[in-house]
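**Q** Quick one: sequence plus predicted model below, questions after.
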Amino acid sequence: MLHAYLIIIAIEQSIAKIAIIVQMNRTTIKLIHELKFFSIAAIVFVAFHMTLNRSVELWYLPWNLFLAWVPLLIAVYLVTTPLHRYLARGLLIAWLAFLPNTFYVLTDIIHINDQIRFNQTYDVLTFMITAVASFLIGLASLYLIDEKYLSKLGHDARRAIFVAIALACGVAIYIGRELRWNSWDLVAHPYQILSDLARIVTSPETLAQLALTVLGYTILILLTYKIFRRLKS
């Protein structure tokens, strides 16, 4: 469970840094602590699932949870560290590239019937606790970037950027689930991704599937973030 160890170490280091930075209030620090414990609980569920089923089939759940922490750790670094504007812009691009991973984990539920396991109800719990933890991490990451950068913008500009971010996440989730590309493939294989997207938009059937995924995730992200921010304030 190397992924789990890396998650915990990275979180602990980030929280230690946050604790000495004035810019972040106690509520935000507490939230990140709670997300850490939520993530640990998810890892425990996965570990117990592996023990019950004598299988490492769900190895991808802690890996996806690890990837979900990447944009939050980037957001924490952006919020707590004075940076040159070009470096900050580069990190914002990296943050946006990894942000869809936090919401993508919801789609892992499609594996629920891949094979017969010890108990299907526990399967659902294992998938959902990981997905909910990842989703909340994504909302927390979005909140930090919102507070640091977007809250300074006008209402219309801020809303437009939020819609653009949600749309980008929807497209990325479709690319990840249906085309099996990863975040780093944006750098490693950009032309192949563009070629696949061009093929998708020229077919009415696949274009409809893309539109449905993007629209659904855009609505889900915007509504849940609105609720998250209201509860946070």
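**A** Sure, I can see it.
**Q** Name the residue closest to the centre of the protein, please.
**A** In the chain, the centroid-proximal residue (C-alpha atoms, centre = their mean) is T102; its distance is 1.3 Å.
**Q** Would you mind writing the CA trace of the helix or strand hosting it as CSV?
**A** For T102, the host element (DSSP states H and E) is helix 85-104. The C-alpha trace of helix 85-104 is given here as CSV (Å, rounded to 0.1, in the frame of the first residue of the first chain):
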residue,chain,number,x,y,z
ARG,A,85,3.6,34.8,-11.4
TYR,A,86,4.9,32.5,-14.2
LEU,A,87,5.5,29.7,-11.7
ALA,A,88,2.1,30.3,-10.2
ARG,A,89,0.5,30.1,-13.7
GLY,A,90,2.3,26.9,-14.4
LEU,A,91,1.1,25.4,-11.2
LEU,A,92,-2.5,26.5,-11.9
ILE,A,93,-2.3,24.7,-15.2
ALA,A,94,-1.0,21.6,-13.4
TRP,A,95,-3.8,22.0,-10.8
LEU,A,96,-6.4,22.1,-13.6
ALA,A,97,-4.9,19.1,-15.3
PHE,A,98,-5.2,17.0,-12.1
LEU,A,99,-8.4,18.4,-10.8
PRO,A,100,-10.7,16.0,-12.9
ASN,A,101,-9.1,13.0,-11.1
THR,A,102,-11.0,14.0,-7.9
PHE,A,103,-14.4,13.8,-9.6
TYR,A,104,-13.4,10.9,-11.9
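**Q** That helix: what's the following helix or strand?
**A** Helix 85-104 is succeeded, C-terminally, by helix 120-148 (DSSP H and E).
**Q** Wait, N182 touches G176, no?
**A** Yes - with contact defined as C-beta atoms under 8 Å, N182 counts as touching G176 (6.8 Å). (C-beta placed from N, C-alpha, C; glycine too.)
**Q** okay, these two: which has more neighbours?
**A** Ranked by neighbour count (other C-beta atoms under 10 Å), N182 and G176 place G176 first, with 17 against 14.
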